[in-house]
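**Student:** Fold the following for me, if possible:
(one chain, ligands or ions: 1)
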Amino acid sequence: MSVPAVSLRDATLGYGARVLWSGLNLDIERGEFVAVLGPNGSGKTSLLRVLLGLQPLSSGTAEIVGEPPGRGNRRIGYIPQQRAIDAPLRGRDLVGLGLDGHRWGTGVSRIRERRQKVDQALADVGAEAFAKAPVSQLSGGEQQRLRVAQALVSDPDLLLCDEPLLSLDLANQRVVSNLIDSRRRSANTAVMFVTHEINPVLSLVDRVLYLVDGRFRIGRPDEVMNSETLSELYRAKIDVVRVRGQIHVVGAQSAVCEDQPHHLHEEPA
Ligand SMILES: Nc1ncnc2c1ncn2[C@@H]1O[C@H](COP(=O)(O)OP(=O)(O)OP(=O)(O)O)[C@@H](O)[C@H]1O
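**Tutor:** Modelled structure (predicted):
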């Protein structure tokens, strides 16, 4: 058996007295697509920060391809939560940042190799046309393609995505999720995909990790995204219905705090 891309053993994370999650055991295999869901503040981004080596676990262990997490890990590509980019960068500069911190030399051949890698990453996401454009002048969807290229340029074994579809229209949601999916299929890259919206990626998801208020469940989408499991997690009556292949979650507002319209619909008073 190959070494998992991610391995968490009895992992606990808390800030002060507050425990976000504990006893988390999870192996993510190469090429596996895991969606991480849960209400605001349940610790989804914090989990990515642990894997990025930015946040130590309170107890337990985490490994990335058999190694403890550390900053600047070349095995990881990271698409952070979307923020407007106002730095004076061109498209190819933004993508090139994905190679920095990885001990790239300054020799001529290294510089040429670096340029080729950035060109390839731009081509992979169909962003050649934005290579020289100031990033601050690009649309949200165009910027997001560049972020995907930045995350993929170092040929990572693990791709960590923090709500990469946020504020994209449906067409761009499809573009970005297909780019991520095609990389995991062609290069066997494991994907951890934090999202409030499972439907845009439902057909790609192998397993779901659902975090709620210190509790969690891991399993195939149908094992987790059902009325019984979510009612247990939220400790409130939740109905999950499938309509035309999409999952809709309906719950009392006091019990849930997700903020995306499709994902949880308020019950009428
Ligand atoms: N460095 C820190 N120190 C103390 N508390 C923190 C720190 N970082 C995050 N938190 C708190 O931990 C909780 C989980 O935060 P996190 O960003 O991981 O949640 P999330 O599930 O990603 O939320 P969202 O869906 O809103 O992005 C939040 O209540 C947050 O305020």
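
**Student:** and residue 11, that one's in a helix?
**Tutor:** No: with DSSP: H, G, I helix; E, B strand; the rest coil as the criterion, residue 11 is strand rather than part of a helix.

**Student:** Flag every residue of the protein that's near the ligand.
**Tutor:** Contact residues (Cβ under 6 Å from any ligand atom) of the chain with the ligand: 15, 20, 38, 40-46. All C-beta atoms are positioned from the backbone trio N, CA, C, and that covers glycine.

**Student:** Among these, name the ones in strands.
**Tutor:** Using DSSP state E, the members of these that fall within strands are 15, 20.

**Student:** Among the residues of the chain next to the ligand, which pair sits farthest apart?
**Tutor:** Across the residues of the chain next to the ligand, the two members that end up farthest from each other (Cβ to Cβ) are 15 and 38, 16.1 Å apart.

**Student:** quick one: which of those two has more around it?
**Tutor:** residue 38 (25 against 11; other Cβ atoms under 10 Å).

**Student:** That one against residue 211, yeah?
**Tutor:** Yes: at 3.6 Å, residue 38 counts as touching residue 211 under the criterion of Cβ atoms under 8 Å.

**Student:** any shared contact partners between the two?
**Tutor:** For the pair residue 38 and residue 211, residues contacting each of them under the criterion Cβ atoms under 8 Å, 6 or more residues apart in numbering are residue 44.

**Student:** how about the helices in the stretch 101-250 of the chain?
**Tutor:** Taking DSSP state H, counting those that start in this stretch to define them, one finds helices in the stretch 101-250 of the chain at 108-124, 140-152, 170-187, 221-224, 227-234.

**Student:** any idea of the mean pLDDT in stretch 14-28?
**Tutor:** The average of the pLDDT scores along stretch 14-28 is 94.

**Student:** show me where pLDDT drops low in the stretch 101-250 of the chain?
**Tutor:** Counting by pLDDT under 70, the stretch 101-250 of the chain shows low-confidence ranges at 101-109.

**Student:** Stretch 80-100: end-to-end distance?
**Tutor:** The straight-line separation of the ends of stretch 80-100 (Cα to Cα, to the nearest Å) is 16 Å.

**Student:** distance between it and the chain's centre?
**Tutor:** For stretch 80-100, the distance between its averaged C-alpha position and the chain's averaged C-alpha position is 17 Å (Cα atoms, centre = their mean, to the nearest Å).

**Student:** Any idea which residue is closest to the centre of the chain?
**Tutor:** Among the residues of the chain, the one closest to the centroid is residue 161, at 2.1 Å (Cα atoms, centre = their mean).

**Student:** Quick check: beta-bridge partners of that residue?
**Tutor:** residue 79, residue 193 (DSSP bridges).

**Student:** you'd agree it is up against residue 184?
**Tutor:** No: if you go by Cβ under 8 Å, residue 161 and residue 184 don't touch, sitting 10.8 Å apart.

**Student:** Residues that sit against both of the two, list them.
**Tutor:** Common neighbours of residue 161 and residue 184, using Cβ under 8 Å, 6+ apart, are residue 191.
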